[in-house]
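Colleague: The following block contains a protein sequence and its predicted model.
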Amino acid sequence: MVPLVGVIMGSSSDWETMQHCSRALEILMVPHETRVVSAHRTPDLLFEYAAGAEARGLRVIVAGAGGAAHLPGMAAAMTLLPVIGVPVRSKALSGMDSLLSIAQMPAGVPVGTMAIGRAGAVNAALLSAAILSAQHPEIREALAEYRRKQTQNVLDNPLPGEP
Ligand code: RP5
């Protein structure tokens, strides 16, 4: 099946975080691909990937990176597809560097910025599914089912002593 979401990350070390995006996309039955594409170490590959993404059938790009996290912004500069950035928690600054370098895009080239780490990776998958929902009713239904299960899980697990 042709992937609709391209999940890219700056290093294989980002997989520990970005695997949560991939797993959530699997649960939502969203066809996707995962690749290591570095803004700094493989700039030519980044250009090839981002510039060709729409023609290959991708509809959303999720880009995870840490530190001086240029990947999401550079990818967004080379495509009209929506780009969702996931700040990976860095060792030096706990991901604040990643968050700010992804969120603080100058006006003109937006990157939808998620939370740092696992929450951001999962939410990137859910936001991708929401973007795709208008054109793909089966993804909309999978997203609705995900929400139903999440709600039921809270209701089924009260605190000890709570009715
Ligand atoms: C970034 O540098 C990557 O996104 C990664 O989060 C960070 C560290 O990369 P490695 O040194 O672990 O490859 O480009």
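Modeller: Here it is on my side, so go on.
Colleague: show me where this protein has strands.
Modeller: Using DSSP state E, the strands of the chain run over 5-9, 32-36, 60-66, 83-88, 112-113.
Colleague: which helices and strands sit right next to the last one?
Modeller: When contacts are defined as 3 or more Cβ pairs under 8 Å, 6 or more residues apart in numbering; DSSP states H and E, strand 112-113 sits against strand 83-88, helix 96-103. In this view, the C-beta of every residue, glycine as well, is placed from N, C-alpha and C.
Colleague: related to what we said a few turns ago, how about the strands of the chain, which one is nearest Glu162?
Modeller: strand 83-88 (34.0 Å; Cβ to Cβ).
Colleague: What average pLDDT does the closest one get?
Modeller: In this model, strand 83-88 has a mean pLDDT of 99.
Colleague: If you count neighbours, what's buried in it?
Modeller: Across strand 83-88, burial judged by 16 or more other Cβ atoms under 10 Å covers Val83, Ile84, Gly85, Val86, Pro87, Val88.
Colleague: for stretch 57-72, same thing?
Modeller: Residues 58-67, 69-72 are the ones in stretch 57-72 that count as buried (16+ other Cβ under 10 Å).
Colleague: do stretch 109-129 as well
Modeller: Across stretch 109-129, burial judged by 16+ other Cβ under 10 Å covers 111-114, 116-118, 120-129.
Colleague: Would you mind listing what in the protein touches the ligand?
Modeller: Proximity of the chain to the ligand, by Cβ under 6 Å from any ligand atom, involves residues Gly10, Ser11, Ser13, Asp14, Ser38, His40, Ala65, Gly66, Gly67, Val88.
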